[in-house]
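In: just need the structure, nothing else, for what follows:
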Amino acid sequence: MRGVARVSLLAIVLLLSSAAAEAAAGKRIGVPKFEGTQEALVRKEVMKSLKSHGFEVVGSRAMADALNSPGAGLDSVEQPKYDPTTGKFLVSVRQTTAVANGMNGAVAIIDPTSIKLDAMFGLSQFCSPAGLAIGPDREAVLGCDSAPPVIINRSNGAILSTLSEACCADEVWYNSADGRYYVADGGNPDNNNSTDPVVMVIDAKTHRFVTTIPVRDSQGNPDPRFHVVAAAFDDSHVYIPQSDGVHVWVRADHP
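Out: Alright, predicted model coming up:
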């Protein structure tokens, strides 16, 4: 996630699990450096919270030793989402050496009750997924950092559709009220030439491309800091945080 503080996979799991505090005694955890202007303050507060829940926060040397083992690097664990149909978390992983095809990216499935990695699926084509959103019919959308977004079967990681109309996303969203995916393609048309940032809109049921929403500031210029989108309601209110405020779009063809 561009410009957003990131925390390790284990930290995400433990912080989101209500059972974590009860089982924290004797557990060791490392807190990596975050991104952003208030990195030191954010890191201090995260460490304080972990300690208050009984965790032992390890030093940088122990973290370095752990990172030398196979798995996802510090900049690889991305957008977590809770799957209410299984009671587990799905997390997009940009690259990992832990599974076959993991350098294309992967999806990790985490059991918050046992606080363990339940499964991890490597992707069959290059994606480097930054964003993930839970959709209908056991599916999910992945916002690929350096490729067009894909829709996957979230039970096994199989890629069902690739939407080539735009590229290079960070976070993504599913609006259950209108049945559409929203993809923040801030790097479009590619990460070396991000002159046309857009929100891609996809029909989640049919996997069909619907439209793109251009992301421009109040002066009509492409916004290079754009990387997040949210949507709500059946008439498709789309919320786009930008450097000059939150821009709101509303679907014009809603009956």
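
In: now stretch 49-59: average pLDDT?
Out: Across stretch 49-59, the average pLDDT comes to 78.

In: quick one: buried residues of that stretch?
Out: 50, 53, 55 (16 or more other Cβ atoms under 10 Å). From N, CA and C alone the C-beta is placed, and that goes for glycine too.

In: and if you look at stretch 163-173?
Out: 163, 165-173.

In: and what of stretch 143-162?
Out: For stretch 143-162, by 16+ other Cβ under 10 Å, it's 143-152, 154, 157, 161.

In: repeat for stretch 96-112
Out: Buried, per 16+ other Cβ under 10 Å, within stretch 96-112: 96, 99, 102, 104-112.

In: show me which pair in those is furthest apart.
Out: The two members of these with the most space between them (Cβ to Cβ) are Asn104 and Pro112, at 26.2 Å.

In: circling back: closest one of the buried residues of stretch 96-112 to Asp137?
Out: Val107 (16.2 Å).

In: how close does Tyr182 get to Ser92?
Out: For Tyr182, the distance to Ser92 equals 16 Å [Cβ to Cβ, to the nearest Å].

In: adding secondary structure and distance to Pro197, write the buried residues of stretch 49-59 out as TSV.
Out: Below are those laid out as TSV (DSSP: H, G, I helix; E, B strand; the rest coil; distance: Cβ to Cβ, whole Å):
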residue	secondary structure	distance to Pro197
Leu50	helix	35
His53	coil	39
Phe55	coil	39
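
In: out of the buried residues of stretch 96-112, which comes closest to Phe209?
Out: Gly105 (21.3 Å).

In: hmm, Gln125 and that closest one touching each other?
Out: No. With contact defined as Cβ atoms under 8 Å, Gly105 does not reach Gln125; the gap is 9.0 Å.

In: would you turn the buried residues of stretch 163-173 into CSV with distance to Val198?
Out: CSV is the format used below for these (distance: Cβ to Cβ, whole Å):
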residue, distance to Val198
Leu163, 12
Glu165, 9
Ala166, 5
Cys167, 10
Cys168, 10
Ala169, 10
Asp170, 13
Glu171, 14
Val172, 13
Trp173, 14
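
In: in CSV: the residues you listed, plus secondary structure and pLDDT.
Out: Converted to CSV, the buried residues of stretch 163-173 look like this (DSSP: H, G, I helix; E, B strand; the rest coil; pLDDT from 0 to 100):
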residue, secondary structure, pLDDT
Leu163, coil, 97
Glu165, coil, 96
Ala166, coil, 96
Cys167, coil, 95
Cys168, coil, 95
Ala169, coil, 95
Asp170, coil, 94
Glu171, coil, 95
Val172, strand, 97
Trp173, strand, 97
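
In: out of these, which is nearest to Asp223?
Out: Asp170 (12.7 Å).

In: surely the closest one and Asp145 touch.
Out: Yes. Between Asp170 and Asp145 there is a contact at 7.3 Å, judged by Cβ under 8 Å.

In: between these two, what contacts are shared?
Out: Common contacts of Asp170 and Asp145 (Cβ atoms under 8 Å, 6 or more residues apart in numbering): Ala130.

In: can you get me the start-to-end distance on stretch 96-113?
Out: 24 Å (Cα to Cα, to the nearest Å).

In: the chain should start at 26 in everything you say after this.
Out: All right, first residue 26 from here; so that's stretch 121-138.

In: how far out from the middle of the chain is stretch 215-235?
Out: Averaging C-alpha positions (Cα atoms, centre = their mean, to the nearest Å) puts stretch 215-235 16 Å from its chain's average.

In: again with stretch 143-159
Out: Centroid separation between stretch 143-159 and its chain, computed with Cα atoms, centre = their mean, is 10 Å.
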